[in-house]
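# dropping a prediction and its sequence here:
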Amino acid sequence: MPIIRVAAIVVTHRGGELLRDCIASLRAQTRPVDELLVVVSNGALPVDAPALQLGANVGYAQAANAGVRATTGEVLLLNDDTRLAPDCVARLVDTWSVPGVYQPRIRLADGSGRLDNVGLGFLPDGSVWARGRNGPDREIHDVPGGFSGAAVLIARSWWEALGGFDERFGSFGEDVDLALRLHRRGAPFFVVPDAVVDHHLGASWGRVSAEKIRRIEHNRVRAAVRSMPASAVAALPFTTAARYLLFAGLGVTGRGPGHDVPAGARLAAMEGLLRGLADSPQWFADRRRDAPDWTRGELAMLRLLWQGRAWWEDIVR
């Protein structure tokens, strides 16, 4: 079994009790992390822990990248609203076989006994849905299409080969973009259901807001144009329209994501989509720059994204 060093990087811009719980859970691990760094985007650090003060809320992507550059071990990224089971790091390390992406099982921390996610599944337009979201807490072994930025272990060699998160994303979608770029380069993905993380979903930005939806839609187009199969990019306007119609129809029945959106959310989604399409020449330039390093072609990506697709039962739940 390979001997690896683990660097836990916790990004925070609010701190508070949730951050204290996260750090306490890291310090209670049966297999301690080798490095611990709290990246503080803005404000004071309310815990006694090694910290990197950025002095401003620069967005998750830039903050995470700064934390990775300041450490040396394999990259264990954590939101500040997560809490690890005592054997979580040990389970991740025991599962490690080759450099890749290792996704723990993430539960909702509300005591409901439900899952937050076990990775992300793709929809045809490049949007993603949390696999297992609000479903019963159970082990899921299917390899996901993408990883959850709330908690994931990524090999440093892969992180550095791709340059980490694209900082132009700010917050939301940077994990989708990196997952697609990793897939294009042939990185292996694994699920570690025995490694359990509890997550206070939406503690930073809220569960749903118009601004969050606007950012997600804009960045979703960026990631899709950059790395999705060419056929999926060509069909993007049509598959996006189909998704909007599907969600609206589900909302009428009181199911899915369309029944509890805030005022202005639908307009925000359209604004984000139009901005993303208007900016698409930049994303096509990224695609042309990345393509010479791809090891997965169009058919291989289509098969992979089908295998790692979003689950219907999660969408309609």
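Good, I have the coordinates. Residues are numbered from 1 along each chain as shown.

# domains of this protein: list them as residue ranges, please.
Structural domains assigned to the chain are 6-199, 210-294, following automatic domain parsing.

# tell me, how many residues neighbour the spatially closest residue to Asp175 that is not a sequence neighbour?
Counting by C-beta to C-beta, 6 or more residues apart in numbering, the nearest residue to Asp175 once its immediate chain neighbours are dropped is Gly149, at 3.7 Å. Every C-beta, even on glycine, is put in place using the N, C-alpha and C of the backbone. Using other C-beta atoms under 10 Å, Gly149 has 23 neighbouring residues.

# contacts only, for Gly149.
Tyr60, Leu77, Asn79, Glu174, Asp175 (C-beta atoms under 8 Å, 6 or more residues apart in numbering).

# pLDDT score for it?
For Gly149, the pLDDT comes out at 90.

# in which helix or strand does it reside?
Per DSSP states H and E: Gly149 is located in neither a helix nor a strand.

# now do Val191
strand 189-199.

# now Ala269
Going by DSSP H and E, Ala269 is part of helix 265-278.

# check Asp314 too.
helix 312-316.

# so what's Gly173 closest to, chain neighbours aside?
Asn219 (2.9 Å).

# verify the stated contact: the one you found with Phe165.
No - counting by C-beta atoms under 8 Å, Asn219 stays clear of Phe165, with 11.1 Å between them.

# and for the two, which residues touch both?
Listed as contacting both Asn219 and Phe165 by C-beta under 8 Å, 6+ apart are Glu174, Asp177.

# mean confidence for stretch 213-222?
Mean pLDDT, stretch 213-222: 89.

# just to revisit the earlier point, and the domains of the chain, which is most packed in?
Among the domains of the chain, the stretch with the highest mean neighbour count (mean count of other C-beta atoms under 10 Å) is domain 6-199, at a mean of 20.

# and it, how far out from the chain's middle?
Distance of domain 6-199 from its chain centroid, counting by C-alpha atoms, centre = their mean, to the nearest Å, is 8 Å.

# swap in stretch 247-259?
The chain centroid and the centroid of stretch 247-259 are separated by 24 Å under C-alpha atoms, centre = their mean.

# touching it from outside, list them.
So stretch 247-259 is contacted by Leu246, Val261, Ile315, Val316, Arg317 (C-beta under 8 Å, 6+ apart).

# run the last query once more with 6 Å
Contact with stretch 247-259 is made by Ile315, Val316, as judged by C-beta atoms under 6 Å, 6 or more residues apart in numbering.

# so who does Gly308 touch?
Gly121, Pro144, Gly145.

# one more time with 8 Å
Contacts of Gly308 by C-beta under 8 Å, 6+ apart are Gly119, Gly121, Phe122, Asp142, Val143, Pro144, Gly145, Gly146, Phe189.

# what's the closest of those residues to Leu267?
Checking those against Leu267 with C-beta to C-beta, the nearest one is Phe122 at 25.1 Å.

# Ile9 versus that closest one, what's the distance?
The gap separating Phe122 from Ile9 is 26 Å, by C-beta to C-beta, to the nearest Å.

# which stretches of the stretch 1-150 of the chain form strands?
6-12, 35-40, 51-53, 74-79, 82-84, 101-108, 115-117, 120-122, 128-130 (DSSP state E, counting those that start in this stretch).

# output the contacting helices and strands for the first one.
What that stands for is strand 6-12. Strand 6-12 sits against helix 17-27, strand 35-40, helix 60-69, strand 74-79, helix 88-95, with contacts defined as 3 or more C-beta pairs under 8 Å, 6 or more residues apart in numbering; DSSP states H and E.
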